[in-house]
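Asker: how does the following fold in three dimensions:
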Amino acid sequence: MSFDFVITNAIIVTADESDTVVRDGALAVSGGRIAAIGPAADLSGNAGKVIDAAGMILMPGLINTHCHAADSLFRGLIEDLPLEPWLQTVWKAEGAILNRETVRLGARLGFSELLLGGVTTVMDMFWHPTETVGAARDVGLRVSTGGIFFDFPGMDKHGPERRVRDAEAFFEEFGADPMVLPGTFPHGAYTVNPENLRAARDATDRHGGLFCTHAAETKAELADIESRYGRTVIRHLEHLGLLDERAVLAHCVWLDDEEIDILARRKVTVAHNPMSNLKLASGFARIADMLAAGVRVTVGTDGAISGNDLDMWMALRMAATMPKATTLRADAVTTAQALRMVTQNGAEALGAGERIGSLEVGKEADMILLATDRAHAVPMFDPMTHIVYSAAKSDVRHVFVAGEQVVRDGALVKSDLAETLAAVRTLEPAIAASIA
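Answerer: Model prediction:
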């Protein structure tokens with residue numbers, strides 16, 4: 001059998017169900033998919049190209065299940081506020097700056113950061129989702145996004161009466177695109193009324209898409225929803241029939257035991273955003289309890305406006321360690337569980353578990369190579385432990401999405417980062433003035 005290329009002499013961390021690690025391994029790619037995995041000595045022939053990854057770790061690309069990439073334009077602009085007043089200032093800045101062009105620019109900036117940091121798939125909620133797809137194509141990233149829902153006119157100047165039509169148009173344009181995982185993205189139960197939440201769910205159900213919303217992020221949100229509807233946030237979403245295996249709920253910080261059981265029973269995914277939760281003083285999500293109950297937990301960076309960067313390695317390490325401190329249990333999250341949060345769990349949450357999320361024959365070749373010739377990488381007794389607790393975005397050397405190399409030697413292949421940075425810098429005075 002002939003292969004398009006073979007990566008050889010790597011430490012292969014497959015992130016499969018058995019947590020298989022192949023030392024001195026090789027992986028062959030054909031037609032954008034993984035064709036073979038095995039010892040390096042067995043896979044060196046019949047390849048159009050051989051990439052010598054001596055000493056490097058080869059692993060699945062990271063999957064970020066909650067982001068607002070275009071908000072990278074406002075990185076560091078609004079500080080030291082809790083979520084609710086923080087959002088009011090955010091929306092003021094967005095309203096002054098955002099249009100189709102600036103959304104694409106901001107998304108390209110955010111996606112560049114993510115891709116250079118080893119993220120190959122991202123679930124992104126933002127205005128002008130078609131521009132988000134355009135930005136993902138600019139850099140070579142796989143993206144999940146779609147029609148956004150708000151009860152008030154948004155930064156796209158569309159009112160609630162347009163939302164279903166916009167969402168349907170997105171499905172029609174991108175539903176068959178293998179690099180796009182479409183869905184509907186109502187902002188939250190406190191910004192979208194029950195009728196419009198249901199409309200968003202109905203629209204995605206018609207197309208078999210995903211459903212993503214913020215949920216139970218803060219105490220203030222919890223009190224607001226209870227005062228309006230007489231139910232907590234998760235019970236409210238359950239009452240409306242919005243929860244199932246295609247629902248991804250971002251944050252879920254303020255849950256009681258029964259709500260955790262609801263999420264487990266309905267097979268809902270929780271996208272945990274530890275950096276954002278800490279920085280906005282939202283609280284500590286009950287990750288250990290969710291895992292114990294069987295809830296699928298994934299990891300997100302949220303936007304750079306609330307965490308100041310899009311560093312999935314930092315988010316991974318926080319997701320692995322914070323539950324240990326809050327429960328006083330060193331085994332609250334195992335290494336394997338943590339790694340699964342940013343790989344296979346993320347793929348399953350996006351309905352793509354059969355395609356991506358682990359390195360297995362037949363899956364699409366979304367994968368990254370990590371350098372290990374660093375002081376923090378020696379000695380390395382267990383590659384999985386190194387990935388979760390020691391690796392950093394600066395270790396990412398090469399990135400492949402569907403078998404295409406999109407980062408080479410730490411640089412973007414398809415997009416000119418310098419041009420993106422220069423364009424964003426020209427916006428800085430207007431951005432700064434937007435909240436003056």
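Asker: how is this protein partitioned into domains?
Answerer: The domain map for the chain lists 5-61+360-412, 62-349, with the assignment taken from automatic domain parsing.
Asker: out of those, which is the most enclosed?
Answerer: The highest mean neighbour count among these belongs to domain 62-349 (a mean of 21), with neighbours defined as mean count of other C-beta atoms under 10 Å. Just so you know, the C-beta spots here come from the backbone N, C-alpha and C atoms, and that holds for glycine as well.
Asker: quick one: mean pLDDT over that one.
Answerer: Rounded to a whole number, the mean pLDDT of domain 62-349 is 97.
Asker: tell me the SS of Asn9?
Answerer: When classified by DSSP: H, G, I helix; E, B strand; the rest coil, Asn9 comes out as strand.
Asker: what residue lies at the spatial centre of this protein?
Answerer: When C-alpha atoms, centre = their mean is applied to the chain, the residue found nearest the centroid is Asn64 (1.6 Å).
Asker: that one touches Val299, doesn't it?
Answerer: Yes: taking contact to mean C-beta atoms under 8 Å, the distance of 7.2 Å between Asn64 and Val299 places them in contact.
Asker: hey, what's in contact with both of the two?
Answerer: Met312, Val342, Gly346 (C-beta atoms under 8 Å, 6 or more residues apart in numbering).
Asker: which strand or helix spans the spatially closest residue to the last one that is not a sequence neighbour?
Answerer: Nearest-residue entry for Gly346: Ile63, 2.9 Å, with adjacent residues in sequence omitted and distances by C-beta to C-beta, 6 or more residues apart in numbering. Assessed by DSSP states H and E, Ile63 sits inside strand 62-67.
Asker: what is that strand packed up against?
Answerer: Helices and strands touching strand 62-67, by 3 or more C-beta pairs under 8 Å, 6 or more residues apart in numbering; DSSP states H and E, are helix 100-116, strand 119-124, strand 247-251, strand 269-272, strand 296-299, helix 312-327, helix 344-349.
Asker: now these as CSV including distance to Asp156?
Answerer: Conversion of the helices and strands packed on strand 62-67 to CSV gives the following (distance: least, C-beta to C-beta, whole Å):
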stretch, distance to Asp156
helix 100-116, 8
strand 119-124, 15
strand 247-251, 20
strand 269-272, 23
strand 296-299, 27
helix 312-327, 28
helix 344-349, 26
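Asker: distance check, the nearest residue to Arg374 once chain neighbours are set aside against Phe111.
Answerer: Setting aside the residues directly before and after it, Arg374 is nearest to Asp395 in space (C-beta to C-beta, 6+ apart), at 6.5 Å. Going from Asp395 to Phe111 by C-beta to C-beta, to the nearest Å gives 19 Å.
Asker: on that earlier part again, of all the shared contacts of Asn64 and Val299, which comes closest to Met59?
Answerer: Lowest distance from Met59 to the shared contacts of Asn64 and Val299 (C-beta to C-beta) belongs to Val342, with 9.9 Å.
Asker: show me what contacts that closest one?
Answerer: Val342 makes contacts with Leu62, Ile63, Asn64, Thr298, Val299, Met312, Ala315, Leu316, as judged by C-beta under 8 Å, 6+ apart.
Asker: could you do Ala107 as well?
Answerer: Neighbouring residues of Ala107 by C-beta under 8 Å, 6+ apart: Ala69, Ala70, Ser72, Asp124, Phe126, Glu131, Thr132, Gly134, Ala135, Ala136.
Asker: repeat that for Glu258.
Answerer: Taking C-beta under 8 Å, 6+ apart, we find Glu258 in contact with Arg235.
Asker: relative to Glu238, how far out is it?
Answerer: If you go by C-beta to C-beta, the gap between Glu258 and Glu238 works out to 10 Å.
Asker: what of Cys252?
Answerer: As it turns out, when the distance is counted by C-beta to C-beta, Cys252 lies 13 Å from Glu238.
Asker: what does Cys67 give?
Answerer: With distances taken as C-beta to C-beta, Cys67 is found 26 Å from Glu238.
Asker: would you state the strands of the stretch 251-400 of the chain in chain order?
Answerer: Shown for the stretch 251-400 of the chain, the strands assigned by DSSP state E, counting those that start in this stretch span residues 269-272, 296-299, 367-370, 396-401.
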